[in-house]
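[1] Quick one: sequence plus predicted model below, questions after.
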Amino acid sequence: MLTKSLFLPSYTIGDEAYKEVLNICKKYGKKIVFIGGKTALDVAEKKLREVLKNSSFEILGSFWYGGEAAYENVEKLKEKKEILEADMIFAVGGGKALDTCKVLSSQLDKALFNFPTIASTCAATTCVCAMYNENGSFKDLYWRKRPAEHVFIDTEIIAQAPTKYLWAGIGDTLAKGYEPEFSARGRELDNKNLTGITLSSLCSAPLIKYGKKALESSMNKSSSMELEEVILSIIVSTGLVSNCVDNDYNSCVAHAVCYGFSMLHEVEEKHLHGELVSYGVLVQLVLDNKIEELKKLLEFYKEIGLPTTFNKFSVTQEEINNVVLKKASEVNDIKVAAVTVNYEVLREAVYRLESLINNGF
């Protein structure tokens, strides 16, 4: 039998989560570089430097990740002398910044610590990296051997972030409540995959229960129990599922639809990843004929304003048919599913959803 290894993420969460850096990171070396988004670095770097001052750690520099999770930006970062000399990479920001650093640290074989400043995806805790072309269109997936050494989740910083990122994070996380089971249904699962599929039920239920109040906390720029529970669902629960299940079960129709939309530059520019994925969840539920579940989810979508129709993305039927669904029917995400998923099946589901919405479902 093949030898298998499973590495699960670890995390610290709270208003003073960064203080644990001194205890957790000390065994990995002394030299640190910060890499992240410009806004994220502005927000988090000051707090991190305050924690690190008068310690034995040395900060070699701070660098922008490049603006896109692209291999070209990874190569540019490899040219930085300070990054090559560092023992640790402190990755700061949202999913694209973190995924860039995940690839970079993997290729340079350096310790990685993630500091998410928004709760928009599970990128902080996963091994998988969604990589894009420089123009923003989806390219491929890169897999690390293990997740970051540790994740530091400062709830105060996330509470201060624009609410739209938390909103989109809820949309992205909802997919993990449905895609793994749909992909794995009817298959013999080993312990690792069974654990991941079972955990996937934890990804959607807390969002429906706490999502509205968590968004209210975010709008009020204040921490709360509901906000922390939603953050943990988005960043940690989803990450646990992603790390446990095989890639075949990691995503399906919802993400395929999202990658289809990524081919349209104006859509990719104006709408967040999780927003697009959340629409794809509805398409998958229709395709799977889960109409009662669809009804329940639509109530929640309407409550918090997630999209229920492709008209929200200002696209034409021609773009849906010839770009979005064409790309969605070609990605690997749909190759393993409970039913055969192809262009015709996806198109039928999209227009059935439109019909249901237009008829006041």
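    Ah, there it is. Numbers count the residues shown, from 1 in each chain.

[2] farthest residue from the center of this protein?
    Asn54 (34.7 Å; Cα atoms, centre = their mean).

[3] tell me the SS of it?
    Under DSSP: H, G, I helix; E, B strand; the rest coil, the three-state class of Asn54 is coil.

[4] So which residues of the stretch 1-150 of the chain form helices?
    For the stretch 1-150 of the chain, helices defined by DSSP state H, counting those that start in this stretch occupy the ranges 21-24, 38-52, 71-77, 81-85, 95-108.

[5] Present the ones you listed as JSON lines; the columns should include mean pLDDT.
    Putting the helices of the stretch 1-150 of the chain into JSON lines (pLDDT from 0 to 100) gives the following:
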{"stretch": "helix 21-24", "mean pLDDT": "97"}
{"stretch": "helix 38-52", "mean pLDDT": "96"}
{"stretch": "helix 71-77", "mean pLDDT": "98"}
{"stretch": "helix 81-85", "mean pLDDT": "98"}
{"stretch": "helix 95-108", "mean pLDDT": "97"}
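
[6] Looking at those helices, which is nearest to Asn133?
    Among the helices of the stretch 1-150 of the chain, the nearest to Asn133 by Cβ to Cβ is helix 71-77 (8.7 Å). C-beta here means a position set from N, CA and C on the backbone, and glycine is covered the same way.

[7] Check which helices and strands the closest one sits against.
    Here helix 71-77 touches helix 95-108, going by 3 or more Cβ pairs under 8 Å, 6 or more residues apart in numbering; DSSP states H and E.

[8] residues of the helix it packs on that come out buried?
    Within helix 95-108, the residues scored as buried using 16 or more other Cβ atoms under 10 Å are Gly95, Lys96, Ala97, Leu98, Asp99, Thr100, Cys101, Lys102, Val103, Leu104, Ser105, Ser106.

[9] separation between the nearest residue to Pro147 once chain neighbours are set aside and Arg49?
    Spatial nearest neighbour of Pro147, chain neighbours left out: Pro9 (4.4 Å); criterion: Cβ to Cβ, 6 or more residues apart in numbering. When distance is defined by Cβ to Cβ, to the nearest Å, Pro9 is 25 Å away from Arg49.

[10] more crowded one of those two?
    Pro9 (22 against 12; other Cβ atoms under 10 Å).

[11] and the more buried one, backbone torsions?
    Per-residue torsions, Pro9: phi -70, psi 150 (degrees, to the nearest 10).

[12] which ones are touching it?
    Residues near Pro9 by Cβ atoms under 8 Å, 6 or more residues apart in numbering: Ala124, Thr125, Thr126, Pro147, Ala148, Val151, Val236, Gly239, Leu240, Asn243.

[13] next one: Tyr28
    Asp87, Met88, Ala111, Glu149.

[14] cool, and Tyr178?
    Ser200, Ser204, Ala254, Val281, Gln284, Leu285, Glu293.

[15] how about 10 Å then?
    200-201, 203-204, 252-254, 280-282, 284-285, 288, 290, 293, 297 (Cβ atoms under 10 Å, 6 or more residues apart in numbering).
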